[in-house]
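Colleague: Quick one, structure for this:
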Amino acid sequence: MASTPGYSLHRASPEEVGIPSASLAAMLRRIEIGQLNLHSLLVIRHGRLVTERNWDPYGPETLHRMYSVSKGFAGVGIGFLIDAGLVRLTDRIVDHFPELVPADVHPWISAMTVRHLLTMSTAHSFTSYKQAEDTDLVRTFFTVPPTRPPGRLFAYDTSAAVVLGALIERVSGLSLTGFLHDRLWSRLGCEGGLRALRTPTALPVDHAGSSPAWREVETNPAGVDQAGSGVMCTPRDLARLGLFCLNRGLVDGRQLLSSDYLIAATTPQISTDLKPGYDPALDAGYGYQIWCTPYDGFAFHGMGGQLALMHPEQDLVVVATADDQLDGSVIRTVQSAVWEGLLPALDDRQASAPGVDPGDSPFFGQQVSDLPAAAKAAIAIGGVIIDIIPK
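Modeller: Reported below is the predicted structural model:
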């Protein structure tokens, strides 16, 4: 972990930060061989940017929909509320939404705490709003019948993240993205926007046509930020959030968020060994809306290949944005390339003084891609990537 964390993302040559150029080039070749539909790829060590590639027509300023990376934003936001004494991990979630809780609420629903939602150990076996024809996604969390007492098992439940986002809005008076913008974004020197799609609360169940009733919308004053999958930001700003968590909440010598909370959020709080497709070599547990990884790392994962991978001991952050919804290969390929090729090569003893101008480095630049016209058209709509593949 860096002793003087910074968030400006100034460029450096690989050797300046203890990365052999040959190892970095080999990692990038391995990723390129995979023929991934990447939008961006960033590698940061000791707070310095050593690789930034963007594939046409995407650029550094392009907002990307982060899908389930959004959950990490919700986990960080809850930390700020806990630090302020506005919420406790032991709070029953029903106590914060009394008007949405039915009179005959199941005792397992009543027993759920904020911590259960953060660790995906709720009373639901999967996302509640996908089990009900109700556009109030938060309400479904309290009305859909539970399957087991909370706290016993891990089950990936996006509705838990939506409720956490709603909790932030209820307690702070600001949306998740508005709250984080005020508390964090400017202090990290974030350069891009931060916004989110909204839940369809109060809209008719057929508001999205043939899509499900729970389909998020661009704007909706009656809804809340879709904290499970709707946050949008730039790849660089996602990297800054990853650095913030890696640096345990320290910014310019100030502790903006409790280090104890962030240590808990980014280290295993529950086992994921009963998750479908569980691979003990890859699944290292779950923190507070954040995945834990091998080699004592942690990660934000999002559908379509959105990734922020952090390794505190090596002071390394790797970010990717992509659209691989057809095969899901980006996260797997990028993480493996980092773990097998880059991590073993890091050596601060070999760090050198500044050499070549990083601006002339082959590790930076705009890459040509052969994306379909639909993808290029999406760029023109406010410069925001929301969906490439129709749902």
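Colleague: hang on, isn't Cys190 packed against Leu238?
Modeller: No. At 9.5 Å, Cys190 does not count as touching Leu238 under the criterion of C-beta atoms under 8 Å. Where C-beta positions appear, they are placed from N, C-alpha and C, glycine not excepted.
Colleague: more crowded one of the two?
Modeller: Leu238 (29 against 21; other C-beta atoms under 10 Å).
Colleague: Assumed that one was part of a helix.
Modeller: Yes. Judged by DSSP: H, G, I helix; E, B strand; the rest coil, Leu238 forms part of a helix.
Colleague: how close does it get to Gly253?
Modeller: Applying C-beta to C-beta, to the nearest Å, the value for Leu238 to Gly253 is 23 Å.
Colleague: Check Leu342 too.
Modeller: Counting by C-beta to C-beta, the gap from Leu342 to Gly253 is 29 Å.
Colleague: same deal with Asp157?
Modeller: 38 Å.
Colleague: Specify which residue of Leu342 and Gly253 has the higher count of neighbours.
Modeller: Leu342 (24 against 7).
Colleague: residue contacts, the more buried one?
Modeller: By C-beta atoms under 8 Å, 6 or more residues apart in numbering, the contact list for Leu342 reads Ile19, Ser23, Leu24, Met27, Val43, Leu316, Val318.
Colleague: now do 10 Å
Modeller: Contact analysis of Leu342 by C-beta atoms under 10 Å, 6 or more residues apart in numbering lists 14, 19-20, 23-24, 26-28, 30, 43, 45, 311, 314, 316, 318.
Colleague: how would you label it: helix, strand or coil?
Modeller: Applying three-state DSSP: Leu342 is helix.
Colleague: before we move on, the earlier item: who wins for neighbours among the contacts of Leu342?
Modeller: Busiest of these [other C-beta under 10 Å] is Ile19, holding 29 neighbours.
Colleague: surely it meets Val318?
Modeller: No. Taking contacts as C-beta atoms under 10 Å, Ile19 lies outside contact range of Val318: 11.5 Å.
Colleague: Report the set of residues contacting both of the two.
Modeller: Each of Met27, Val43, Arg45, Thr51, Leu342 lies in contact with both Ile19 and Val318 under the rule C-beta under 10 Å, 6+ apart.
Colleague: what separates the last one from Gln325, distance-wise?
Modeller: Between Leu342 and Gln325 the distance is 26 Å, computed by C-beta to C-beta.
Colleague: And the first one, by the same measure?
Modeller: From Met27 over to Gln325 the distance is 24 Å, taken as C-beta to C-beta.
Colleague: can you count the residues close to Arg88?
Modeller: Around Arg88 there are 12 residues (other C-beta under 10 Å).
Colleague: actually Pro60, not the one I typed
Modeller: Neighbours of Pro60 using other C-beta under 10 Å come to 16.
Colleague: ok, now Ala222?
Modeller: 12.
Colleague: Could you do Thr158 as well?
Modeller: Neighbour count for Thr158, taken as other C-beta under 10 Å: 23.
Colleague: name the helices or strands packed onto the helix or strand containing Arg170?
Modeller: Arg170 is part of helix 158-172 when elements are defined by DSSP states H and E. Using 3 or more C-beta pairs under 10 Å, 6 or more residues apart in numbering; DSSP states H and E, the elements in contact with helix 158-172 are helix 70-83, helix 114-118, helix 137-143, helix 176-180.
Colleague: how's the protein carved up into domains?
Modeller: 14-62+234-385, 71-196 (automatic domain parsing).
Colleague: if you take the average position of this structure, which residue is closest to it?
Modeller: Geometric centre of the chain, nearest residue: Val69, 2.1 Å, by C-alpha atoms, centre = their mean.
Colleague: mind checking how far that residue is from Ala284?
Modeller: 18 Å.
Colleague: ditto for Tyr261
Modeller: Counting by C-beta to C-beta - Tyr261 and Ala284 are separated by 20 Å.
Colleague: returning to that earlier point: my read: the residue nearest to the centre of the chain touches Asp237, true?
Modeller: No. If you go by C-beta under 10 Å, Val69 and Asp237 don't touch, sitting 11.5 Å apart.
Colleague: what's the overlap in contacts for the two?
Modeller: Common contacts of Val69 and Asp237 (C-beta under 10 Å, 6+ apart): Val319.
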